[in-house]
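Q: Predicted model follows, preceded by the sequence.
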Amino acid sequence: PFLADHDSKHKCNSIRSHTTMPLDQRATNAILSQITSPPNILTVSRILATPYLSYLLISHHNSKSLTAASATVVDAGGITAPATISSSIPPTDAAVDATSTTAATISTENISTIASNLDLSSTPEFALSLFLLMGFTDFLDGYIARRFPSTATVLGTYLDPFADKVFISVTSVALWYTGTLPGMLVGLWIARDVGIVGSVYWLVRKETVRKRDKNNDGEDDNNNSFAVMDPQNTPLKVQASFMSKVNTTLQIGLIALGIAGEVPYIDLPPELMPSLFWITAGTTIGSSLGYMDGSALMKSGNK
């Protein structure tokens, strides 16, 4: 009994002695090796393009705002100084009045010039084209991975949904800034994604520790530290549920409509966007469950 108790304590001490970290040199090398796979290169390009797409949306919005501001000092008869300026000019001082009117004209011209040259590519048409290109790369990386299994990697099962989350979170914030998406819906999307990332990390860490303890069988290991984010060692990979795929499709579709709505010659039904707000709110909550309970994770095949 004493020896059995001693062995049990020894095993518990071995389990407690493990030190986990997100990354180490081995994990970094594995990521760099797998990230050069063609599907992963396409996924990374989508991540890198996301901030630029958001910049285009915000820049176009600011350009419209500047144009609207310049229009406030223009009436049917020509250029008129703002009330705050004209009220401070003595009515009898013709020279000052003329100078103020000239300054207002120059100021208005400057605002118009800034608005038109803020970014020549910041048009809704260009933003929509970039969005469609990013959507095509999303389809293409999945097709390549399925058509050529040798290009599929464990890293890709994490990287692809992570790219979707980066795209949805960053772009939705930009559309909230422009007034296209409501803040509460954007907050719900981001809260879901943050919760999913945290839950997946915790579940993968837990399973990685269990796998390591099982392989060691309670014996001493000189290297008790290991990385959770090691695609060559992790026992799990992500397998998105049907509900999660539906939710992502609806979110991206809503973002697409938000961008397309800025294109002058695209006319959207006014009730379409509000309806999708409520639908995506429901699928966002429902699709979270598969990640929270671990059912969206499956065996990776790593030994």
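A: That came through, no problem.
Q: Tell me which residues of the helix or strand hosting I47 come out buried.
A: Assigned by DSSP states H and E, I47 belongs to helix 38-71. Residues of helix 38-71 classed as buried: 39-40, 42-44, 46-47, 49-50, 53-54, 56-63, 66, 70 (neighbour count, 16 or more other Cβ atoms under 10 Å). Where C-beta positions appear, they are placed from N, C-alpha and C, glycine not excepted.
Q: what does stretch 23-40 give?
A: Under the neighbour-count criterion of 16+ other Cβ under 10 Å, stretch 23-40 has D24, A27, A30, I31, Q34, I35, S37, P39, N40 buried.
Q: now, the most widely separated pair of those residues?
A: D24 and P39 (24.9 Å; Cβ to Cβ).
Q: show me where the stretch 101-250 of the chain has strands.
A: Under the criterion DSSP state E, counting those that start in this stretch, the stretch 101-250 of the chain contains strands at 225-227, 236-238.
Q: where does the stretch 151-300 of the chain have low pLDDT?
A: Within the stretch 151-300 of the chain, the segments meeting pLDDT under 70 span 213, 215-226, 290-300.
Q: what are the ranges of the helices in it?
A: Secondary structure of the stretch 151-300 of the chain by DSSP state H, counting those that start in this stretch: the helices cover 154-177, 183-216, 242-260, 272-292.
Q: Which one, of the ones you listed, ends up nearest to Q232?
A: The nearest among the helices of the stretch 151-300 of the chain, by Cβ to Cβ, is helix 154-177 at 7.5 Å.
Q: quick one: buried residues of that closest one?
A: Here helix 154-177 shows 154-169, 171-177 as buried, counting by 16+ other Cβ under 10 Å.
Q: Pull the number of nearby residues for the closest residue to E262 other than its chain neighbours.
A: Leaving aside its sequence neighbours, E262 sits nearest to P124 (Cβ to Cβ, 6 or more residues apart in numbering; 3.6 Å). Look at P124: counted by other Cβ atoms under 10 Å, it has 19 neighbours.
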